[in-house]
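Asker: A structural model of the following input is requested.
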Amino acid sequence: MAANKAPLDEAIPDALGRKVRAARSRIGMTRRQLAAASGASERYLAHIEAGAGNPSMTVLLSIARALDMAPADLLPLSGQTSEYHVGAIEALRRLPPERMPALLDWIDGALGSIQGKGQRVVLLGLRGAGKSSLGAALAKRLEMPFFEMSKLVEESYGGDMSLLIDFGGQSSLRRHESEAWESLRLREEKAVIAAPGGIVADRALFDRVLATAHSIWLEATPEDHMARVMEQGDLRPMRRNPGAMADLKAILEARSPEYSRAEVRLNTSTQSFEATLELLVGHARSLLNSSNAI
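Answerer: Predicted structure coming up:
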C-alpha cells in the first residue's frame, strides 16, 4: 500500500497548481493581484502554482474566495480518486458557506495528524521565556537548523512585523504565520522552531502546529518575562504604561490554557540557563525518540 501512495501525494500539489493558474488566467488576474486579494504572498503563490506548495485549507479558502470560486472546485481530482473523494467534494459544494471555515479547520487538524510530527520541535511561550536563546542552543546540541517563525514572516512579507500588523491587521498576520509554518513544515523534516507568543490566538494554526511538531512550553514568571525583554533593549513594555506588569499577567493567564496543550512544560525561572538547557535537551530527545519508535 505504501508504494502506491507516493505518486498520488506528488500529483495532488501539481494538479492544485494547475487549477490555481488556470482560474487566475481565466479571469485575467495577475499573481500579484491574487496575492493582495488572498493575503498569501506572491512568492508562496508561485510555489503553489509550480506544484511545490501544499497550502493549509485556510489558505486554500482565501485563494478560492479571491478567485470567486467554490473551494471544492480547487480540490484536484485524479484517476486514482475513489467514489469517497468524489462524494466528499460534492458534499463540499452543497455545504452552506458559513459552515465552511469550521469544516476546513477540522480537516487541517486531521491532515496534520496523518502527516505526523517528524523530527520537528516547536518552542512555545511568551516573549522572554527563552525561546530564541534556548532554541538556538538546543538546535546546536541536536545538530538541527533553528528557525524563528516571526523572522520567517518578516522575510516573506518584506518588512517588520509591526508594519504587517499596522497595514494588514491581525488577519493578515495570521495568514502569513500559517503560510510560514506550512512552508517550513514541508521543507524541514528536522528543525527546532521558536513560535510567536501570539500563535495561540489562531486556533486552526495552533492545532496544526501541535499536530505536526513536538511541542514544549517554556514558561517563566511574569517578572522574568518582563526583565528579559527589557534586558534585550526593548523598553516598550514599560514606557508610558504603568499597568504593563498587570497586562502581562493577564496575557499569561489567558494564554496558559493553550500553552499547556504542549507535550512538555518547562519552567525557565527555576534554574540557570545551562541547567535549563540540559533539561530541554533531555525533553526534546525523549520526544524525538518516541517519534522514531512509532
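Asker: Residue 17 touches residue 50, doesn't it?
Answerer: Yes: in this structure residue 17 lies within contact range of residue 50 using Cβ atoms under 8 Å: 5.9 Å. C-beta coordinates here come from the backbone N, C-alpha and C atoms, glycine included.
Asker: the more surrounded of these two?
Answerer: residue 17 (20 against 12; other Cβ atoms under 10 Å).
Asker: so residue 267 bridges to which residues?
Answerer: Residue 267 has these beta-bridge partners by DSSP bridges: residue 219.
Asker: Determine the number of other residues adjacent to it.
Answerer: Neighbouring residues of residue 267 were enumerated by other Cβ under 10 Å; the total is 15.
Asker: pLDDT at it, what is it?
Answerer: According to the per-residue confidence, residue 267 scores 93 in pLDDT.
Asker: do residue 213 as well
Answerer: According to the model, residue 213 scores 95 on pLDDT.
Asker: What about it, how many residues nearby?
Answerer: Here the number of neighbours of residue 213 (other Cβ under 10 Å) works out to 27.
Asker: do the one 10 residues further on as well
Answerer: Residue crowding around residue 223 was assessed by other Cβ under 10 Å; the count is 13.
Asker: separation between the residue nearest to it when sequence neighbours are not counted and residue 252?
Answerer: Counting by Cβ to Cβ, 6 or more residues apart in numbering, residue 223 lies nearest to residue 245, which is 7.8 Å off, once chain neighbours are set aside. Taken as Cβ to Cβ, to the nearest Å, the spacing of residue 245 relative to residue 252 amounts to 11 Å.
Asker: Tell me which of these two has more neighbours.
Answerer: residue 252 (19 against 15).
Asker: The more buried one against residue 225, yeah?
Answerer: Yes: Residue 252 lies in contact with residue 225 (Cβ under 8 Å); the separation is 7.3 Å.
Asker: Which residues are in contact with each of the two?
Answerer: Any residue near both residue 252 and residue 225 by Cβ atoms under 8 Å, 6 or more residues apart in numbering counts here, and that gives residue 126.
Asker: Let me see the confidence value for residue 48.
Answerer: According to the model's per-residue confidence, residue 48 sits at a pLDDT of 84.
Asker: Give the other helices and strands that the lengthiest helix in the chain contacts.
Answerer: Using DSSP state H to assign secondary structure, the helix with the most residues in the chain is helix 161-187. Using 3 or more Cβ pairs under 8 Å, 6 or more residues apart in numbering; DSSP states H and E as the contact criterion, the elements in contact with helix 161-187 are helix 42-49, helix 57-66, helix 149-157, helix 203-212.
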